[in-house]
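# pasting the sequence and the predicted model now:
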There are 2 protein chains.
Amino acid sequence: MTIDANAFYRLVASRRDVRGEYLPDPVPADVLARLLGAAHRAPSVGYSQPWNFILVNNAEKRRAVFREFEASRRREAEQFDGERRTRYDRLKLEGIMTAPVNLLVTCDRSRFGPAVLGRTQQPDTDIYSTVCAIQNLWLAARCEGLGLGWVSILRPASLKALFDLPEPVEPIAYLCLGYVSHFYPTPELEQRGWNRRLPLAELVFQDDWGEQTTDVALVQAIDDLSQKAAE
Amino acid sequence: MTIDANAFYRLVASRRDVRGEYLPDPVPADVLARLLGAAHRAPSVGYSQPWNFILVNNAEKRRAVFREFEASRRREAEQFDGERRTRYDRLKLEGIMTAPVNLLVTCDRSRFGPAVLGRTQQPDTDIYSTVCAIQNLWLAARCEGLGLGWVSILRPASLKALFDLPEPVEPIAYLCLGYVSHFYPTPELEQRGWNRRLPLAELVFQDDWGEQTTDVALVQAIDDLSQKAAE
């Protein structure tokens, strides 16, 4: 094992949720296979590997997903008023028709069931496993120079119907994927003034909710790290 | 950006869920801060960063978590019969009292709410964001030579009570973390005959559930990748 931790931290810091910078260049089959392979090596509760990957190549199906997105976006927009609504309306939030690859990641809630080791007390851990696979795929994409965007402004019931998912299979993530003209230096929602990064120190507790840590060295190390990240 | 994709794939392939090989060596504060920093740079729906990290140092609290684990494990064991039960009873499934670091990762379901961009149509995406943070932390730990184990044989209601979590905050993962004597070459549940890795080719569909992909180059690339992984 010769994994450079600093290289990994650079990777994590440079990963973005990409909506608008996709290039039309096709993603080679061997690259796509490696991404799916990284997803498939995610941790899974009781080694249940509950994921499937549905590539969405059919143009009519993509248009149907895009229409579902447009309707969902209109519903979501109504949740915001005034200046927030103006900002919301300006945001680009998906790359469904422009990204060369669209991928639906699902979770089969019946796989190796009904009793799965580690899932009997926390039934949603199969979904958590599927999300770990998605994060592996996302980081692998960034290593390969590919942008990925997770489109969550879609109703699960619509995705389930569109892709003929059987009853125990749930859609978890609809992903857009492709080479990009550039990656933003910081998250797009930060660039566009939607939200800011929270200070890490405020998110770390000890022994009970709301209790600040008494570990002076850790407080100092988090402070040093935050300073370095801001530079 | 100089991230070597092959190094990342080696990292992904060598990450393990660690239960029994923890060493007593303390985890330095700067290492722990870097792990938390990697978690905090995960993607989050609407940039909502819904996670918190509760370090569990108090010995009495750890014992209480361990007791909850023992009771949950007894309940789970009853789900398995015969040869499966015998195998189950032999498995080591947590490192609560032996790992130098215990960490509860939570999701604050009210953060920046009620309306969070990208969460109005899929309410659980805040939990998915929290899981992405956990997977970042897991991979970062492996880079630093640290083992991590996700203990899911614990009832969420018990964790919520033990750590005084407010109503909108949910426990997502109870993690054990520390240096280890060794990492298993393949997943422990594979080594111990609990389950096997599924063939990736059978998990990839196109356009609809159950439809094999017609992309011959992709099928070949997945086959090549699986051959290489098996070597």
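Right, received. Where do you want to start? Since the model is a prediction, treat every value here as computed from it, not as a measurement.

# my guess is A:L198 contacts B:P50, does it?
No: counting by Cβ atoms under 8 Å, A:L198 stays clear of B:P50, with 9.8 Å between them. Where C-beta positions appear, they are placed from N, C-alpha and C, glycine not excepted.

# between those two, which one's more packed in?
The residue with more neighbours, out of A:L198 and B:P50, is B:P50; 30 against 17, by other Cβ atoms under 10 Å in any protein chain shown.

# relative to chain A, how far out is the more buried one?
Note on B:P50: its distance to chain A, by Cβ to the nearest Cβ, to the nearest Å, is 10 Å.

# my read: that residue touches B:V131, true?
No: counting by Cβ under 8 Å, B:P50 sits too far from B:V131 to count as a contact (10.8 Å).

# how about the lengthiest strand in chain A and chain B, any contact?
Using DSSP state E to define each element, chain A has its longest strand at strand A:169-179. Yes: Strand A:169-179 lies within reach of chain B by Cβ under 8 Å from any Cβ of the partner chain, at A:169, A:172-173.

# out of these, which is most surrounded?
When neighbours are taken as other Cβ under 10 Å, the top entry among these is A:I172 (29 neighbours).

# can you name the residues bridging to A:D17?
On DSSP bridges, the residues paired with A:D17 through beta bridges are A:L148.

# regarding A:C107, what is its secondary structure?
Secondary structure state of A:C107, per DSSP: H, G, I helix; E, B strand; the rest coil, is strand.

# nearest residue to it other than its sequence neighbours?
Sequence neighbours aside, A:T130 is the residue nearest to A:C107 in space, at 4.2 Å (criterion: Cβ to Cβ, 6 or more residues apart in numbering or on different chains).

# mind telling me what element the spatially most central residue of chain A is part of?
In chain A, the centroid-proximal residue (Cα atoms, centre = their mean) is A:W150; its distance is 5.0 Å. Taking DSSP states H and E as the criterion, A:W150 maps to strand A:146-151.

# report all helices and strands that that strand contacts.
Applying 3 or more Cβ pairs under 8 Å, 6 or more residues apart in numbering or on different chains; DSSP states H and E, one finds that strand A:146-151 makes contact with helix A:125-143, strand A:169-179.

# could these be laid out in CSV, adding distance to B:P187 and mean pLDDT?
Compiled in CSV, these are given as follows (distance: least, Cβ to Cβ, whole Å; pLDDT from 0 to 100):
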stretch, distance to B:P187, mean pLDDT
helix A:125-143, 12, 98
strand A:169-179, 21, 98
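
# ok, which of these comes nearest B:A77?
For the helices and strands packed on strand A:146-151, the distance to B:A77 is smallest for helix A:125-143, at 17.1 Å, taking Cβ to Cβ.

# so the residue nearest to the centre of chain A touches A:I172, yeah?
No: contact criterion Cβ under 8 Å: A:W150 and A:I172 do not qualify, at 9.7 Å.

# so what does the helix or strand where A:A229 lies touch, helix or strand wise?
Using DSSP H and E, A:A229 sits in helix A:216-230. If you count contacts as 3+ Cβ pairs under 8 Å, 6+ apart, helix A:216-230 packs onto helix B:29-40.

# briefly note if the helix it packs on comes near chain A.
Yes: using Cβ under 8 Å from any Cβ, helix B:29-40 reaches chain A at B:29-30, B:32-34, B:36-38, B:40.

# tally of neighbours for the residue lying closest to A:D208 once chain neighbours are set aside?
Distances taken as Cβ to Cβ, 6+ apart place B:D164 nearest to A:D208, at 4.9 Å, with adjacent residues excluded. For B:D164, the count of nearby residues is 14 (other Cβ under 10 Å).

# wasn't B:D164 part of a strand?
No: read with three-state DSSP, B:D164 is coil and lies in no strand.

# so where is chain A shaky, pLDDT-wise?
For chain A, applying pLDDT under 70 flags the ranges A:1-2.

# how does it divide into domains?
A:5-196, A:198-231 (automatic domain parsing).

# the last one: end-to-end distance?
Criterion Cα to Cα, to the nearest Å; first-to-last residue distance in domain A:198-231 is 16 Å.

# now that domain: buried residues?
By 16 or more other Cβ atoms under 10 Å in any protein chain shown, the buried positions in domain A:198-231 come out as A:198, A:200-201, A:203-207, A:209, A:213, A:215, A:218-219, A:221-222, A:225-226.

# cool, and stretch A:112-131?
For stretch A:112-131, the neighbour count (16+ other Cβ under 10 Å) marks A:112, A:116-122, A:124-131 as buried.

# which residues touch A:V105?
Counting by Cβ atoms under 8 Å, 6 or more residues apart in numbering or on different chains, A:V105 touches A:39, A:51-54, A:130, A:133-134, A:137, A:171-175.

# redo that, cut-off 10 Å
Contact analysis of A:V105 by Cβ atoms under 10 Å, 6 or more residues apart in numbering or on different chains lists A:36, A:39, A:51-54, A:130-131, A:133-134, A:137, A:150, A:171-175.

# how near is A:V204 to chain B?
5 Å.

# ok, for that residue, nearest residue in space, not its chain neighbours?
In space, A:V204 comes closest to B:F53 once its chain neighbours are excluded; the distance is 5.0 Å by Cβ to Cβ, 6+ apart.

# got the angle for the helix or strand harbouring the one you found vs helix B:125-143?
Using DSSP H and E, B:F53 sits in strand B:51-55. Strand B:51-55 runs at 50 degrees relative to helix B:125-143, counting by axes from the mean of the first three to the mean of the last three Cα atoms, to 10 degrees.

# about what we covered before: okay, the domains of chain A, which one's buried deepest?
Comparing the domains of chain A by mean neighbour count (mean count of other Cβ atoms under 10 Å in any protein chain shown), domain A:5-196 comes out on top with a mean of 19.

# next structured bit after the helix or strand containing A:S72?
Secondary structure from DSSP H and E places A:S72 in helix A:59-77. Downstream of helix A:59-77, the next assigned helix or strand under DSSP H and E is helix A:82-90.

# and A:L148, what is it in contact with?
Residues touching A:L148, when contacts are defined by Cβ under 10 Å, 6+ apart, comprise A:15-18, A:35, A:95, A:99, A:101, A:103, A:134, A:137-142, A:173, A:175-178, A:180, B:43.

# so the closest residue to A:L165 other than its chain neighbours: helix, strand or coil?
Using Cβ to Cβ, 6+ apart and skipping residues adjacent in sequence, the residue nearest A:L165 is B:W209, 5.1 Å away. Classification of B:W209 using three-state DSSP returns strand.

# do you know how far the residue nearest to the centre of chain A is from A:F163?
17 Å (Cβ to Cβ, to the nearest Å).

# try A:L117
A:L117 sits 29 Å away from A:F163, going by Cβ to Cβ.

# and A:L32, by the same measure?
From A:L32 over to A:F163 (counting by Cβ to Cβ), the distance is 19 Å.

# same thing with A:D89?
In terms of Cβ to Cβ, A:D89 sits 29 Å off from A:F163.
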